[in-house]
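# Pasted the sequence and its predicted model underneath.
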Amino acid sequence: MQLAFLTSLFDRPGPWASVYLDTSRIDESTKDRRALQAKEVCGELRAQGCDPETERAVFQALTDEPRPPGEAGRAVFAAHGEVVLDPPLGVRPQAPSLVTWSALPHLSPLLDLAAQEPVCLVAYIDRTGADLELRTPLGGRPAGSVEGRTWPVHRTASADWSERHFQLSVENTWEQNAAEIAEALAACEHETGADLIVLAGDPRERRSVHERLAPDVRALAVESDHGGRAAGASRRLLDQDVEAARRDHLRRTAASELDRFRAARSSGGARPEGAAEGVPALVEAAREHRIAELLIRTEGPDAHREVWVGAEPDQIAVRRNETQYLGETEPMPARADDALIRSAVMTGADVLRVRPEFEDEVPVGGLGALLRWPYEEREREREVEPA
């Protein structure tokens, strides 16, 4: 999963208030219940040592109205008297609330509640163009539009030669517009890094767009029979298709990445070249910016193992006395999963949530990674580095 939207959480020091709250129940007592929830959350933060300014900021955020429709929960992250990130959750938290005050933002629950959603580019297509929408874990936003030729676009039923010529012109217009939409989709996917593309709208035109996508982009695209570009078109069934496509994408991606991890782990003997698992090996990889993809099974025992961290993403150590070698004089304890997520986000690595349906215990302990380069290659680089 792409977690670039979390980078704002790591450009300032902690400690951090992290709050996950179930807000799915909506009725006539919602306002009073939200105020009571906010008081209880702030009481927990105060008991854990939260400063008054941050406590007030969290209370204000939790009692502000209105909230986005269809919200199942909240994830609020605050530090130094400011709420830095407050995304709505599309999935209801398992517990009514989860409140922590810690050196780093507590992010692993977000892998289940929001960041599980692949970034999806939805194209609403008709024969004259397309409207693009980018759906991220933080909601949807317009991503541009394509306006093709608008004449001629309608065929006639006549068999007259001139009419047949006109119909060929119509076909050419459709094809040209499809090519322009495909080109714009490829550019938008490249710019946004979307994981998935959903094509909706006119059946003939969306199929033509699909066929004209470059092979690497076409591999990300699926078609929906629902939704359209026209104003007022219902999107309920399209939304269901998007969610189904996301779930299928997650399953296929997870299975493929786990196969890659198993292969990399088994290819290098006692010290695999392309994979690492266990806290000590991952801490070493994070310090050297070698994590290409972090694998987290949040139920694993290593996920909540304590490590020591400094202000920078690569200031991470298994034992407190190791951080002096990393340029940090006042290290703080943190969960291993949160520290490694920070490192992954800030070095551009992907994060994969390994779900319980994958029954074999991979990675061992719940934490693993695919590496950017092999151990041996790194050792050779060190040998030639000037003293």
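Everything's here; your move. Predicted model only: the values in this text are computed from it and were never measured. Numbers count the residues shown, from 1 in each chain.
# Going along the chain, name the strands of the stretch 201-350 of the chain.
221-223, 275-277, 291-296, 306-309, 316-317, 332-335, 350-353 (DSSP state E, counting those that start in this stretch).
# Name the next helix or strand downstream of the last one, please.
Sequence-wise, the next helix or strand downstream of strand 350-353 (DSSP states H and E) is strand 367-371.
# Run the angle between that next one and strand 291-296 for me.
Using axes from the mean of the first three to the mean of the last three CA atoms, to 10 degrees, the inter-axis angle of strand 367-371 relative to strand 291-296 is 160 degrees.
# Show me what strand 367-371 pairs with in its sheet, parallel or antiparallel.
strand 275-277 (antiparallel), strand 291-296 (antiparallel) (DSSP bridges).
# Can you get me a residue count around residue 65?
Other residues lying near residue 65 total 7 when counted by other CB atoms under 10 Å. For every residue, glycine as well, the C-beta is placed using N, CA and C.
# can you list the weak-confidence ranges in the stretch 151-300 of the chain?
151-172, 174, 232, 267-272 (pLDDT under 70).
# Can you list the neighbours in contact with stretch 320-327?
287, 308-310, 312, 314-317, 331, 333 (CB atoms under 8 Å, 6 or more residues apart in numbering).
# Apologies, that question was intended for stretch 26-37.
Under the contact criterion CB under 8 Å, 6+ apart, stretch 26-37 has outside partners 21, 23, 25, 62-63, 65, 96-97.
# So which residues of the stretch 51-200 of the chain form strands?
Ranges of strands in the stretch 51-200 of the chain, per DSSP E, counting those that start in this stretch, are 73-79, 82-85, 88-89, 97-102, 120-126, 129-136, 139-147, 196-201.
# can you tell me which residues contact residue 218?
For residue 218, the contacting residues are residue 210, by CB under 8 Å, 6+ apart.
# Next one: it relative to residue 182, how far apart?
Per CB to CB, to the nearest Å, residue 218 is found 9 Å from residue 182.
# how about stretch 203-221: buried residues?
205-206, 208-210, 212-213, 217-218, 220-221 (16 or more other CB atoms under 10 Å).
# just so I know, which of the strands paired with strand 367-371 lies nearest residue 73?
When those are compared by CB to CB, strand 291-296 sits nearest residue 73, at 19.9 Å.
# hmm, who's touching the closest one?
For strand 291-296, the surrounding residues in contact (CB under 8 Å, 6+ apart) are 108, 111, 257-258, 261, 282, 285, 303, 337, 340-341, 343-344, 347, 349-354, 362-363, 366-372.
# redo that, cut-off 6 Å
285, 337, 340, 344, 349-354, 363, 368-372 (CB atoms under 6 Å, 6 or more residues apart in numbering).
# now, which of the residues you listed sits nearest residue 39?
Of the contacts of strand 291-296, the one sitting nearest to residue 39 (CB to CB) turns out to be residue 337, at 29.3 Å.
# Any idea how many residues pack against the spatially closest residue to residue 21 that is not a sequence neighbour?
With CB to CB, 6 or more residues apart in numbering as the criterion, residue 21 has its nearest non-adjacent residue at 4.5 Å, and that residue is residue 74. The local packing of residue 74 (other CB under 10 Å) involves 23 other residues.
# ok, residue 74 to residue 131 distance?
Taken as CB to CB, the span from residue 74 to residue 131 is 30 Å.
# Kindly present the contacts of stretch 320-327 as a markdown table, with separate columns for distance to residue 140 and neighbour count.
Listed next are those as a markdown table, based on distance: CB to CB, whole Å; neighbours: other CB atoms under 10 Å:
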| residue | distance to residue 140 | neighbour count |
| --- | --- | --- |
| 287 | 37 | 17 |
| 308 | 39 | 22 |
| 309 | 34 | 27 |
| 310 | 37 | 19 |
| 312 | 34 | 14 |
| 314 | 34 | 17 |
| 315 | 36 | 19 |
| 316 | 35 | 27 |
| 317 | 40 | 22 |
| 331 | 40 | 22 |
| 333 | 38 | 13 |
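# Spatially, what comes nearest to residue 79 if we skip its sequence neighbours?
residue 16 (4.9 Å).
# Neighbours of the one you found, how many?
Each residue near residue 16 was counted by other CB under 10 Å, and the total is 23.
# partners of it in the sheet?
Counting by DSSP bridges, residue 16 forms beta bridges with residue 102.
# Let the chain start at 11 from now.
All right, first residue 11 from here; so that's residue 26.
# quick revisit: mind putting the strands of the stretch 211-360 of the chain in TSV, distance to residue 185 included?
Putting the strands of the stretch 211-360 of the chain into TSV (distance: least, CB to CB, whole Å) gives the following:
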stretch	distance to residue 185
strand 231-233	18
strand 285-287	46
strand 301-306	39
strand 316-319	56
strand 326-327	54
strand 342-345	55
strand 360-363	37
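# Quick check: the residue nearest to residue 89 touching residue 113?
No - using CB atoms under 6 Å, residue 26 makes no contact with residue 113, being 7.4 Å away.
# my guess is the residue nearest to residue 31 contacts residue 33, does it?
Yes - using CB under 6 Å, residue 84 is in contact with residue 33, at 5.5 Å.
# ok, now how distant is residue 300 from residue 191?
40 Å.
# In TSV, list the contacts of stretch 330-337 along with distance to residue 14.
Shown next, in TSV, are the contacts of stretch 330-337 (distance: CB to CB, whole Å):
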residue	distance to residue 14
297	21
318	26
319	21
320	22
322	18
324	18
325	21
326	20
327	26
341	26
343	27
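# neighbouring contacts of stretch 188-207?
In contact with stretch 188-207 (CB under 6 Å, 6+ apart) are residues 128-131, 133, 140, 142, 144, 153, 156, 158, 215, 218-219, 222-224, 227, 230-231, 255, 259.
# For that stretch, which residues meet the burial criterion?
Neighbour-count burial for stretch 188-207 flags 188, 190-192, 194-196, 198-199, 202, 204-207 (criterion: 16+ other CB under 10 Å).
# List just the nearest of those residues to residue 235.
Of the buried residues of stretch 188-207, the one sitting nearest to residue 235 (CB to CB) turns out to be residue 207, at 15.7 Å.
# Against residue 68, how distant is that closest one?
Taking CB to CB, one finds residue 207 at 37 Å from residue 68.
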